[in-house]
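> Below is the sequence, then the predicted model.
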Amino acid sequence: MRLADPWVLAILLLPLGLYAWRWWHRDRPPAHRIGFPPLRFLADAPSSRRLRLRRLPGVLGALGLVLVTLALARPQQVGEINTVHTKSRNIMLVLDISSSMKAPDFQPGNRLTVARGILSEFVRRRQGDLLGLVIFSGRAFLQAPLGPDVQILGKLIDQVELGILPDGTAIGTALALGLSQLKDMPPKASAVILVTDGANNTGEPTPLAAAEAARALGIQVYAIGLSAVDTMANKESYVWRAGRQADRLLASDEAILDRLTRRTGGQYFRATDPEVLRSIMDRIDPLERTDVQIAELRDYRELYPFLLIPGLLLLALQSVLAATWLRSVP
C-alpha cells in the first residue's frame, strides 16, 4: 500500500499543536467562565456515566480528523505488474518547417500543408508502433518524444505551423535530435524519416556526420525531397517570394541526401506531388517489427472511502453529542 499524496499529512500538525497547547494549559481556567460555589461535600459521590464520558466528543473529533486526513492522502493498494510483449516499429519523423515550405507548388495548400496531412495519415495507421516528431528550420525542436499514442502525435502534426523557429535548414541538427530518441531502441526496427525541401545551410553536426552516427547505431534514414516536377528537372531553386528566397533543392543537394540515406542503409525519394509523397510513405511502411517488452503497472485501487466515510461519521457524532447529551457549560 502507498499514499498518493503523503504531503497532506502535514495538516495533522495543526490539531496536534492545538491539543498540545490545551494540554499544557490544562490547569489554567478559561478567560470567560461561569463561577459556581465549591461542592466539596459531593467529592465522594459516585460519578455519572455522562461525567465519565465528558471527553468522548474530543476523542471522536480527533479520530475523525485523523481518518479524514488519511483519506485525503489517498491510500492506494498497488496492483500487479505484468510484462506485456508486443511487436513494434520505432520511427522518428523529422519535418522541415523552413520558409520555403510555403511554396504553393503542392496543391491544395502549400508544401507544409500537404506534408503535414500525409504524415498525419501515416502516423494514425501506426497502431502499436512507437513514433515521435522533430520539427526544424534554423534550429531543431523535439515536438513529440518517442511514444505509442499515435492519436496525440497526429494532432501535434496537424498543429505544426511555419515561423515558430528561426529560419534556415538545419538538417544535421534535426537528424541528430531524432537519433537521440532511437539510440536505445532495437536498430532493426528503428528508422528516421526526413521530409525536407532544402539543403542544409546551418547548424551542427553536418548531415553526413549525422548519417555516420546513424550508421554506427544501425538506424536507417529515409529522406524525402519535396519540389515540383519542373523545378527538379531544371535543377533550379523554386523561389517563393514572401520576404525572402526559398531554400535550394538542386541536383547536388539531392545527391547529398541520397548519399546520406544510402550510408545508413536507407533510401532517398523525390516527391513531386501529393500522390507521389503518399506512395513513398507506403513504400517505407514495411519496416521490420521487433519484439518489445513493456512493463505495465495496473491501476491503483483507491482505499480512501474506507477512511473518509468513518471519519465523517465520527465528526458528525462528535457534533451531535457535544450539542446534546454531552454538552457542557464553559
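That came in fine, so what should we check first?
> give me the low-pLDDT residue ranges for this structure?
Counting by pLDDT under 70, the chain has low-confidence residues at 26-48, 50-51, 80-87, 107, 228-251, 273, 284-299, 328-330.
> Can you pull the domain assignment for it?
Taking automatic domain parsing as the criterion, the chain consists of the domains 2-25+46-79+300-323, 84-293.
> Contacts only, for the nearest residue to residue 265 once chain neighbours are set aside.
In space, and not counting its chain neighbours, residue 265 is closest to residue 220: 4.8 Å by Cβ to Cβ, 6 or more residues apart in numbering. Any C-beta I mention is one placed from the backbone N, CA and C, and that applies to glycine too. Shown in contact with residue 220 (Cβ atoms under 8 Å, 6 or more residues apart in numbering): 190, 191, 192, 214, 261, 264, 265, 266, 287.
> Quick one: residues contacting the fourth one.
The reference is to residue 214. So residue 214 contacts 175, 179, 192, 220, 221, 263, 264 (Cβ under 8 Å, 6+ apart).
> For it, give its distance to residue 226.
Residue 214 is 21 Å from residue 226, where distance means Cβ to Cβ, to the nearest Å.
> and what of residue 259?
19 Å.
> who has more neighbours, those two?
Legend: neighbour count by other Cβ atoms under 10 Å for residue 259 and residue 226, higher for residue 226 (30 against 13).
> ok so, going back, list buried residues within the contacts of residue 220.
Applying 16 or more other Cβ atoms under 10 Å to those, the neighbour count classes 190, 191, 192, 214, 261, 264, 266, 287 as buried.
> now, which of these sits nearest residue 155?
Set against residue 155, the nearest of the buried ones among the contacts of residue 220 by Cβ to Cβ is residue 192 (21.5 Å).
> So which of the contacts of residue 220 sit within helices?
214, 261, 264 (DSSP state H).
> rewinding a little: would you list the phi and psi of the residue nearest to residue 265?
Dihedral pair for residue 220: phi -80, psi 140, per degrees, to the nearest 10.
> picking up where we left off before, export the ones in helices among the contacts of residue 220 to JSON lines and tack on distance to residue 56?
Converted to JSON lines, the ones in helices among the contacts of residue 220 look like this (distance: Cβ to Cβ, whole Å):
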{"residue": "214", "distance to residue 56": "74"}
{"residue": "261", "distance to residue 56": "81"}
{"residue": "264", "distance to residue 56": "78"}
